[in-house]
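A.B. asks: sequence and predicted structure, then a few things I'm wondering about:
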Amino acid sequence: MDTHKKVAHTPNGQQTPSPEAVDVPVASPEGHPIEQPGRQEQPVEIEGTPAGQIVVAPPATLPVPTRQRLVWLRTLLKNPKALVGIAIVVFFILVAVLAPVIAPGDPTEFVDAPNLPPSAAHLFGTEGQGKDVFRQTVWGAQISLLIGFATGLLITIVSTVIGMTAGYFRGRVDDLLTLLTNLFLVIPGLPLLIILSAFLSPGTGTIIGTLAFTGWAFGARVKRSQTLSLREKDFVAAAKVSGESGFRIIFSEIMPNMISIIMGSFISSTTYAIGASTALAFIGLGNVSEVTWGTNLYWAQNGGAILQGAWWTFVPSGLCVALVAFGLSFINYALDEVTNPRLRAEKELNRTLKGTAFKKTKTRATPVLRQSQPK
Amino acid sequence: MRYILRRLGFYLVALWAAITLDFFLPRLLPGDPAATILGTGGQLDPSQIQAVKEALGLSDQPLILQYFTYLTHVVRGDFGISFSNFPVPVISVILTGLWWTLLLGGSSVIISFIIGNLVGIFGSWRRGGAVDSFVPPLLVFIGAFPPFFLGLCAVYLLGFQLHWFPTRHAYEDTLTPGFDPAFFGSVIQHMLLPVLVLVLTQLGGWALGMRNTMVAILAEDYITMAEAKGLTQNRIMFRYAARNAMLPSITAFGIVLGFVLSGQLLIEQIFSYPGLGFLLISSVQKLDYPLMQGLFLMITFAVLVINFIVDIIYTRLDPRVRAG
Amino acid sequence: MSQSQIKIARQVQNETLLDVRDLRVEYLSPKGPVRAVDGVSFSIAPGEVLGLAGESGSGKSTIAHALLRVLRPPALITGGEVRFKGKDVLSLAEHELEAFRWQDISMVFQSAMNSLNPVMKVGDQIADVLVKHKKISKKEAWQRAGELFDIVNIDKKRLDAYPHELSGGMRQRAVIAIALALNPPMMIMDEPTTALDVVVQKEIMQQIEELKEKMGFSILFITHDMSLMVEFSNRIAIMYAGEIVEMAPAREIFENPLHPYTKGLISSFPPLVGPKHKMTGIPGSPPNMAEPPTGCRFHPRCTMCQPVEKVVNPTLQEVLPGHWLAYHEGMPGV
């Protein structure tokens, strides 16, 4: 395993950022340029390292100060893609919270004739039983987002604890937890989720529980490999020598350096949970009396929306799920751009070359851009 | 060889874990599992009840003996009798769906793997090019759509409104399966739309994953050396960079397969495509517990077998694993 | 240094193979560009070995990669000229650059493990460069690859091996064989033996020496190992913070270092020959290249610093025959 990197894609195909690789594109913390171009980052070879993840070994032997640790967060908040993603997610959270204001009235109330197309009276029309689709869409945000974020949080906690425990303690604990993680990765998630939900009594709690049960493994794997590389760092060794306990080291030395990974994992878990819970509800495995985007789709399908041509009964809820998932994925995509030193390097170069005399070529040869430079 | 044996061992453990999980599932049901299951099973005579009970391992024996009885049944491929297709054995029902699922899943995975990886390779190569600036965000956007919602929209728009594609089943109902062109033509025609939807939902994952791995690989010394050697761009891109970047893509195959399959289950349901996913969801809706359990095992088994095949391919592609 | 040696050095200088003038390379960063190579000029004559020495981060490798234009983003060549046999390397078109690479200058990379494609047979990695540049068939290329393996003392059968199946020394020899493949007039060796143990290192350096005698190529030799460098190079250029601060024939640099930084660098290595002296080293650490010091870049660490050096950066001048120095009036010891 020492000769090649094992890497894997995250479910949404994104690369998980490495926290220390932040804000040191070409210069080490002391600021001098690094010898050997193309080798600023020494790849760390660990089984299960996520896609192309490169861990930079910082020349500094001291723990990264807090101020520097969170530089990526500030950069993230300046990234246009991240801002678009955040705006979308915040919009839907506001819709959920302000549902009684935006769409007053009971979403399960029969308001008019069934399958009416959108009109001034019913913005999104009515569905197969004569309920107001706009109300259902707006109110559906509440439980859909609740399930999404609650599951995301639960998965993040479980995967962080398992991943970091495995990565830090190594040995038999690691072997066992890694086996468990790999088992959950290879056993197909949705079929398991479906039969679990079929055998268990339906309810929001059950859904969150089963989603977390089937969805924690990927995050655990990512965090384990990150912990494995962080535990070899000098500041961890220093803490060990000074007699700090294992759990103290995990929480106060290692975890602060993994914040961006933990955040990325929370976002992707939430995305997964919203998608999977909608899918479950769609096939009737949720609590069908609740109003969620998934149950809206279930009722639309059951009411023969497609045959009736009533596209307005399924498009709004589906689009909401897609937009929330897109917003979340876009934040993660931006997070990747911000924390992946190579993507940043390319960006930096492109920005400089833009609008100059330099002509883009197919080759990747080092660009030459002569500047009139006072010496 | 040792690598292959280790992987095989792992898959056997995984299979055992899935079987064990399957065994305990009925015992999660509130109340007496046998009563609950059989209460939903329609009219059965006592001998059949006994047979079902035995197949599920639900007897008056101690739990551990029940477990071993269950294991022996599963190993023999005896998953009991399907309630909703009574008295057809579960295994026969499953086998009718298996090939359709493999056909649909196989074609969509192969197509999206090839297109997605090519997009990823070219995107990472042309820095700042159009492929790299606009395509990834677009793929993130498409990838955000739940596969079944995309399926619904496709069925509605391209099927019911425009009548470009058939909207249900795997082939024309009037045809009988057989080796004739009309049947094959119909099968392909019925595959087009579900495969299109599945490819769209998978494309982003492959492309973005490949792009990120390529970006990492392009910083390796052997790429610099290949460039210094004055090799052509194509040779560096494919023989040096993509050839190495492909390895993680293949390692990730197992995980990706799970996601692909999840999407496919619902797509089958939407297109009434008679694969395992369609069977699984209808068995859930009909509360056909033995069929559900059997399907779960068969799907898991299929995933494990495919993973193992991919592992064997991997050893052919990576000389370091082949030797170790 | 004897008169005859100086004569050779001069002779060599008159006839240049590679001429680098005022080369500048920057790494872009959100906080502004970092100048990794700042106005470096040197030349190499046919058959000459020019050593490039300096601490890590001084820009040695950046120069090597810039010559072949294989620096990675966010690197940008912002000025200067590179002429090889009169060819303007920095203005070559795509296909010209492809032909220039390896045919004119080949390169031995620091780590053979990392510079060989892990999923390709070593033989293929020699053959592909021959097929590309010599337009010969794959079979002929393998034939030639076998001959190259003979030259670097590896069993031909190992052409079929993958990089991970070779030992460290063998891998480095294989990389040298690839560098020799087109019989180029010049080779860059970027820390060619750093990753190897001392015994293997000796063997390989000896072999390179022999090959050089036989085939007559020039070498740009990069290492941080001063004793190896003195033994192996004709001339040595000392780099500090992206600039050449001193350049002279090897013996001269070793016996009569003039720049305080060179003195420090030499005293931090045990001498191979000559009287033993106390090893001292240089206090402090290399400067932050995003904000280099004013005046002489070395002044914050210099023990002989003069006030003027805090303001004016001295320029490279020929202070003795063949001996160039970043010099200003009244520099002590000159």
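C.D. replies: Right, received. Where do you want to start?
A.B. asks: what about the residue of the stretch 101-250 of chain A found nearest chain B, how many residues nearby?
C.D. replies: As assessed by C-beta to the nearest C-beta, chain B sits closest to A:Leu190 within the stretch 101-250 of chain A, at 3.3 Å. To be clear about C-beta, it is placed using only N, CA and C from the backbone, and glycine gets the same treatment. A total of 23 residues lie near A:Leu190 under the criterion other C-beta atoms under 10 Å in any protein chain shown.
A.B. asks: secondary structure element holding it?
C.D. replies: Counting by DSSP states H and E, the element that carries A:Leu190 is helix A:189-199.
A.B. asks: surely the residue of the stretch 101-250 of chain A closest to chain B is in contact with B:Val260?
C.D. replies: No - here A:Leu190 lies out of contact with B:Val260, judged by C-beta atoms under 8 Å, at a distance of 10.2 Å.
A.B. asks: quick one: the residue of the stretch 101-250 of chain A closest to chain B and A:Tyr272, what's the gap?
C.D. replies: 11 Å (C-beta to C-beta, to the nearest Å).
A.B. asks: ok, and what's touching the next helix or strand after the helix holding A:Leu190?
C.D. replies: Per DSSP H and E, the first helix or strand lying C-terminal to helix A:189-199 is helix A:204-215. With C-beta atoms under 8 Å, 6 or more residues apart in numbering or on different chains as the contact definition, helix A:204-215 has outside contacts at A:143, A:146-147, A:150-151, A:154-155, A:158, A:184, A:189-190, A:192-193, A:196-197, A:200, A:269, A:272-273, A:276-277, A:280, A:286-287, A:290.
A.B. asks: center of the chain - which residue?
C.D. replies: Using chain A here. For chain A, the residue nearest the mean C-alpha position is A:Ser268 (2.3 Å; C-alpha atoms, centre = their mean).
A.B. asks: my bad, chain B
C.D. replies: For chain B, B:Leu261 is the residue whose C-alpha lies nearest the centre (C-alpha atoms, centre = their mean; 3.2 Å).
A.B. asks: could you give the number of residues near the residue nearest to that one when sequence neighbours are not counted?
C.D. replies: In space, and not counting its chain neighbours, B:Leu261 is closest to A:Pro188: 5.1 Å by C-beta to C-beta, 6 or more residues apart in numbering or on different chains. Number of residues near A:Pro188 (other C-beta under 10 Å) recorded here: 24.
A.B. asks: how about A:Pro188, what does it touch?
C.D. replies: Contacts of A:Pro188 (C-beta under 8 Å, 6+ apart): B:257-258, B:261-262, B:299-300, B:303.
A.B. asks: which one of those residues is nearest chain C?
C.D. replies: Proximity of the contacts of A:Pro188 to chain C was ranked by C-beta to the nearest C-beta; the top entry is B:Leu257 with 23.2 Å.
A.B. asks: what angle do whichever strand or helix holds the closest one and helix A:189-199 make?
C.D. replies: Per DSSP H and E, B:Leu257 falls inside helix B:253-270. Angle of helix B:253-270 versus helix A:189-199, following axes from the mean of the first three to the mean of the last three C-alpha atoms, to 10 degrees, is 50 degrees.
A.B. asks: packing partners of helix B:253-270?
C.D. replies: Judged by 3 or more C-beta pairs under 8 Å, 6 or more residues apart in numbering or on different chains; DSSP states H and E, helix B:253-270 is in contact with helix A:171-186, helix A:189-199, helix A:259-282, helix B:90-125, helix B:147-154, helix B:181-217, helix B:276-285, helix B:289-317.
A.B. asks: could you pull up the contacting residues of B:Phe23?
C.D. replies: Counting by C-beta under 8 Å, 6+ apart, B:Phe23 touches B:57, B:66-67, B:70-71.
A.B. asks: 6 Å instead, please
C.D. replies: The contact partners of B:Phe23, by C-beta atoms under 6 Å, 6 or more residues apart in numbering or on different chains, come to B:67, B:70.
A.B. asks: thinking again about what came up before, tell me the one of the contacts of A:Pro188 nearest A:Val84?
C.D. replies: Nearest to A:Val84 out of the contacts of A:Pro188 is B:Ser262 (C-beta to C-beta; 27.2 Å).
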